[in-house]
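Asker: below are the sequence and a predicted model; questions follow.
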Amino acid sequence: MTKTVLLVGTRKGLFLLESEDRRSWTTRGPLCDAWPIYNAILAEDGTIYAAGASEWLGSSVWRSSDLGETWQQSSEGLNYEGVDGLKVNKIGSLAHAHGKLWVGAESVGLFESTDDGQTFSLVSTLDGAPGREVWNDHSMQPPGHLGLSAIWPYADSPEHLRVVVQGNSIFDTEDGGETWTPSNSGLRRDWPAPPDDRVGFCVHKLAPSPDADRWYQQNHVGTWRSDDGGSSWTEITEGLPSEFGFACAAHPHDRETFYTTVLDGGHGRVMPDGQLQVWRTRDAGSSWQKLTNGLPGPDAFVGVLRDGMTRDEQDDFGLYFGTSTGQLFASLDEGESWSEVSGYLPAIQSVQVATLG
Amino acid sequence: MADVHLPSVLRPIFAGLPRRVDVDAATVADAIAELDRRWPGLQDRLCHPGPELRTHIHVYVDGDRAQLATAVGERSRLDVIAAISGG
């Protein structure tokens, strides 16, 4: 019997929701002493890692090797000692591959742990990358800045990584962080270009498809597709009610199918018309279907944050998203219908899923 | 021995940490270093690298707001407070 575990990072701790049929769920939490959790993952060896950032006690990576029964936390080495002007204000992204744990921070930096989260060392502050000279200036940042907001390890080598610097760029490295190359060709912006116009884009969320060449992206301005592994991008916004959104996910088995949750793009950043809605394309962005069956509305003025959507990889895969007001929804029929998994969690900042057994 | 009073938010993350600890220390920094020796990682929770006290961690020595360099007497009371904020 397989067990599905949803790892839900919230403003008030990590919650684990477990199910054997993905219909009936049990909930444990708040874990990690109710610290704000920006992301949590379950590594291949069964260890849960959670990126916590307490306003009082700073940032630390929590870990559990028994599926959340007991926890330890460490921030040893998770700092910029010796680097002028940088401070770890928050950690917001995690990835685990090749036996390593990577952590992304604000100020912008990438850390790694090779001892299962007990100690950390700085990999890179992306020195020399275009935009590096301004992106740690707090006067230039939006509220809630996450810094290095996403990390995508590649299977071919531990030296090969893709990261997102919030409000600036996708960057790729093939030498373990020595050098970084922007991967934004084709994207647009609604603001003045910086001196190096290869950067200055507001990439909210990347979603790789099962085909390594096909990636999708929800941006501050537009929804995008790449057919060359994310080096260049084609806009697929037409047919969506807004160009603004955060959370998205690609179908785990079909490169043509992609889901996004667009929002009103002003200060509100809630679902259009007060109707929770997920948008799906089955033809790589040529056309879109609005999916609302089982989702609340028309008086549901809620938002979804950038790490608030995910999917498992089962044949009949499950699709999940959580709102910034604490509702968690699931679909087991490719988005045709939805059910509420939980209705009263704290504000949801991330949703990840793992299948055990 | 200084009488150190610690905030409750630390107890869940450091096994066996009491609310009150006696330490030999000449300064606040010394006291925190001694606590870190006994409960590794505790200094990281109270201080930024530098070190400097975290923004919302306040320390008082005998009732007066203190910094890391503040002297601690043989019979001082040292209160570490997670400042009340938020909602």
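Answerer: Here it is on my side, so go on.

Asker: who touches the longest helix anywhere in chain B?
Answerer: Here the longest helix in chain B is taken by residue count, with DSSP state H as the criterion, and it is helix B:28-38. The contact list for helix B:28-38, computed with Cβ atoms under 8 Å, 6 or more residues apart in numbering or on different chains, reads B:2, B:4, B:6, B:21, B:23-25, B:42-44, B:46-47, B:51, B:59, B:61, B:66-70, B:72, B:78. From N, CA and C alone the C-beta is placed, and that goes for glycine too.

Asker: again with stretch A:170-178
Answerer: With Cβ under 8 Å, 6+ apart, stretch A:170-178 has contacts from A:110, A:123-124, A:126, A:129, A:157-165, A:179-184, A:201, A:203, A:206, A:230.

Asker: in chain B, which spans are helices?
Answerer: Listed in chain order, the helices of chain B (DSSP H) span residues B:28-38, B:42-46.

Asker: which one of these lies closest to A:D299?
Answerer: Proximity of these to A:D299 was assessed by Cβ to Cβ; the nearest stretch is helix B:42-46, lying at 42.4 Å.

Asker: the closest one packs against which elements?
Answerer: Using 3 or more Cβ pairs under 8 Å, 6 or more residues apart in numbering or on different chains; DSSP states H and E as the contact test, the elements touching helix B:42-46 are strand A:58-64, helix B:28-38.

Asker: quick one: low-confidence parts of chain B?
Answerer: For chain B, the stretches with pLDDT under 70 are B:85-87.

Asker: which residues of chain B lie near chain A?
Answerer: Contact residues of chain B with respect to chain A, defined by Cβ under 8 Å from any Cβ of the partner chain, are listed as B:7, B:9-10, B:12-13, B:41, B:44-46, B:48-49, B:54, B:56-57, B:82-83, B:85-86.

Asker: so which of those residues sit within strands?
Answerer: Secondary structure from DSSP state E places B:H48, B:I57, B:A82 of the residues of chain B next to chain A in strands.

Asker: can you redo these as a markdown table with distance to A:R269 and neighbour count?
Answerer: Supplementary listing: those in a markdown table, determined by distance: Cβ to Cβ, whole Å; neighbours: other Cβ atoms under 10 Å in any protein chain shown:
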| residue | distance to A:R269 | neighbour count |
| --- | --- | --- |
| B:H48 | 31 | 18 |
| B:I57 | 32 | 21 |
| B:A82 | 31 | 20 |
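
Asker: how about a markdown table for those residues, with distance to A:A53 added?
Answerer: Rendered in a markdown table, the data for those read as follows (distance: Cβ to Cβ, whole Å):
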| residue | distance to A:A53 |
| --- | --- |
| B:H48 | 13 |
| B:I57 | 15 |
| B:A82 | 15 |
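
Asker: between the residues you listed, which sits nearest chain A?
Answerer: Proximity of these to chain A (Cβ to the nearest Cβ) peaks at B:A82, which lies at 4.5 Å.

Asker: what is that closest one paired to in the beta sheet?
Answerer: B:A82 has the following beta-bridge partners by DSSP bridges: B:I57.

Asker: list the contacts of it.
Answerer: A:W56, A:L57, B:P7, B:S8, B:V9, B:H56, B:I57.

Asker: measure stretch A:310-317 end to end?
Answerer: With Cα to Cα, to the nearest Å as the measure, the first residue of stretch A:310-317 is 11 Å from its last.

Asker: give me the mean pLDDT for it.
Answerer: Stretch A:310-317 shows a mean pLDDT of 97 in the predicted model.

Asker: count the residues that sit near A:T281.
Answerer: As a burial measure, A:T281 scores 22 neighbours (other Cβ atoms under 10 Å in any protein chain shown).

Asker: which ones are touching residue 83?
Answerer: By default, I'm working from chain A. With contacts taken as Cβ under 8 Å, 6+ apart, A:V83 has the following neighbours: A:L122, A:T125.

Asker: think we crossed wires, I meant chain B
Answerer: If you count contacts by Cβ under 8 Å, 6+ apart, B:A83 has them with A:W56, B:H56, B:I57, B:H58.
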